[in-house]
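> Mind looking at a prediction? Sequence and model below.
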Amino acid sequence: MSPMMSTMMDMSSDLDSEEELLELYASGKIKPGLNIPVENEKVLINNVNALKEILSSFASSLPWTERLDIVAETAPLAPELSMEITEQQQFLKAGKIDEVALNDFKRETMFHRQAQSAVMRGVQLLLKNNIATHRPEDYFAEMFKSDEHMQKVRHALLQRKTALEQTEKVRRIRQEKKLAKEKRVAAVQDKHKQKRELNENIKKFRKGLRNDLDFLETDTKKNKKQDDSNGKKKNLTKSQHKRKGKDAKYGFGGKKRGIKGNTKESTFGGSKKPSKEKNKGRIAKKKRMSSRK
Amino acid sequence: MAKKGLKRKQKSEVVKEEEPKVVLPLVRRSDEPVTKKAKWINRERVLVFATRGISFQHRHLMKDVIKMLPHSKPAHKMERKENLFVVNEICKMSHCNKCILFDGRLQRDLYMWFSNCPDGPSIKFNVESIYTSAELKLTGNCLKGSRPILSFDNSFEEHPHFSLLREMFTQIFGVPNHHPKSQPFVDNVLNFSVLDNRIWFRNYQILNEDGAIAEIGPRFVLQPIRIFKGSFCGETLWENPFYVTPAKSRRLLKSKKDDKYANNKIQRKAKKTKELLAPFRVKPENEIFRDGDIKDKAKRILLSKKK
């Protein structure tokens, strides 16, 4: 607060006397409608001549082999990427520097490409001047970064890779589960739909809206077909085949009670077939007996 | 048997032929020209040190810089009380003609001085977005003390102050040829590029000769503040018009937040009043009390109903 107060005081003391105000007006610091002196903007120093002078005074006159400096333009890129790069340069030209400076990827690629072009030109110059760029494989010396650190880097890379793989795997499994669930739900719905249709048809039949019972057959046929296809698909063992055959021959499941007992039809001769067969059997027996005699 | 003997004789003859190549002449004439020893011409020495008050990260960056420059010399941390002009004497005592001073403030802001020691110029930078090579997990690596190629942006040629900076960087970061602590191979690039009025420093390894590179680290950004004619003294030759002190930028950020709170409050109040005034929010039976005489309104309504 105190500095502000002091400035206020200063200003009030300045502006109190009319003479001072007149002086300020004369010097152009005060204009009509403006009663606080405006400081001119700070003049920034850029002494180009002195800069050039001092540069020439301390510049070294050593040959390039001692200096190894290169002014490099950014290296050209593959055509599919060059579109992006031109866009980048347009941004730079338009003064939208933040677009590049704040975008990590764009910025780093720019630097990378500059370094690349420097390398391409520098290596040629180095070879011309007989300076080695590659060390022989059996040349061991202390490195900039220790082996320990490089091990850490490798470990980090590996970890990242495995983490990526893990997430990929988890995602895949999740997707598969989702698909499987969809399939299951669809199957259940299909089943329900069939049942509903069947019930509706039966109702219609009962009410007399429908005379034929085709829908039952089609259903059974469909089921049979499905069964067949399923059967074909399954690789049955020998014993299973045998079982299937026996089932077809003798029947499978169902009521076992009362099959052998007499029924109404058998006692009152509703159907002649069984009796005929019995008779045939008897005739055959008689024949056999007679033939023996 | 005679044949075997012959073979042996032949072998021995071959060995005899090779021998004179290996053996050096025992006598050497005095006027014979001596093979030239490689000369270490560039006697650049750089003093790299810091003031008290640098943070651990700044210290690590300094260590990285020292590692990169085999022609550098370390020094004790300097007391902050001393005038920076003392640096010239420190350099003189340690026989250095270049100097990098890491000037830390409040363990938070870092300034770097690059200076050509006895007689200028010197440059003050503000260092931003520092990442040391230890904290960056980059795959590149190079020999310690190998000579780097120094790559400069195009804009280092366009502006006089940048060309001055370029000369300074080449003299400081260029490792002298045949320096005893250096390695005789060129396997990394130091990349200086200008973006957003700052100089971005990157260090890459040269993987092969057709331009494949991998970054090594460290990374930092130098924002030039002033160029002085002398070394840590003298008149200012150039001043950065875009420079905002870190303290000021922090203050601005903070004040923005203050404004945000005030604006929020105003907006909330405005919203409330708007809600109160909005007709569709008010109950229809309360409409009668809004403005005008209530009795008149009631009479009018009754009349309209009668009609």
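Noted; the coordinates are in hand. Numbers count the residues shown, from 1 in each chain, chains lettered A, B, ... in the order given.
> contacts, neighbours, all on C-alpha from now
Noted.
> Surely A:R135 is in contact with B:F185?
Yes - here A:R135 lies in contact with B:F185, judged by Cα atoms under 8 Å, at a distance of 6.4 Å.
> In terms of neighbours, single out the busier of those two.
More crowded of A:R135 and B:F185, by other Cα atoms under 10 Å in any protein chain shown: B:F185, with 19 against 14.
> That one: helix or strand, and which one exactly?
Element membership for B:F185, per DSSP states H and E: strand B:183-195.
> list the helices and strands whichever helix or strand comes after that strand packs on?
Sequence-wise, the next helix or strand downstream of strand B:183-195 (DSSP H and E) is strand B:198-206. The contact analysis (3 or more Cα pairs under 8 Å, 6 or more residues apart in numbering or on different chains; DSSP states H and E) places strand B:198-206 against helix A:104-128, strand B:183-195, strand B:213-215, strand B:219-228.
> Contacts for the shortest one next, please.
Spelled out, it's strand B:213-215. Strand B:213-215 is contacted from outside by A:112, A:115-116, B:138-141, B:202-207, using Cα atoms under 8 Å, 6 or more residues apart in numbering or on different chains.
> from the chain's centre, how far out does it sit?
Distance, stretch centre to chain centre, for strand B:213-215: 16 Å (Cα atoms, centre = their mean, to the nearest Å).
> Tell me the strands beside that strand, with direction?
Strand pairing for strand B:213-215, using DSSP bridges, gives strand B:198-206 (antiparallel).
> residues in contact with the partner strand?
A:111, A:115, A:119, B:140-142, B:187-194, B:212-224.
> domain ranges for the chain?
You didn't pick a chain, so chain A it is. Residue ranges of the domains in chain A are recorded as A:44-135, A:147-220, according to the TED database.
> My question was about chain B, not that one.
Domain ranges of chain B: B:46-243, B:251-306, per automatic domain parsing.
> mind checking the end-to-end distance for the longest one?
From its first residue to its last, domain B:46-243 covers 27 Å (Cα to Cα, to the nearest Å).
> got it, and stretch B:134-147?
Start-to-end, stretch B:134-147 (Cα to Cα) is 21 Å.
> Stretch B:178-186 too?
Terminal residues of stretch B:178-186 are spaced 12 Å apart (Cα to Cα).
> And stretch B:70-83, by the same measure?
This stretch, stretch B:70-83, spans 28 Å end to end (Cα to Cα).
> Run the contact check for it versus chain A.
No - Stretch B:70-83 does not reach chain A (Cα under 8 Å from any Cα of the partner chain); its nearest approach is 11.0 Å.
> so for that stretch, what's the average pLDDT?
Mean pLDDT, stretch B:70-83: 88.
> Can you read off the pLDDT for the residue positioned nearest the centre of chain B?
Closest residue to the average C-alpha location of chain B: B:F220 at 2.6 Å, with Cα atoms, centre = their mean. On pLDDT, B:F220 comes in at 94.
> ok, it to A:W64 distance?
Using Cα to Cα, one gets 26 Å for the distance from B:F220 to A:W64.
> what's the answer for A:K195, then?
Noted for A:K195: a distance of 91 Å to A:W64, by Cα to Cα.
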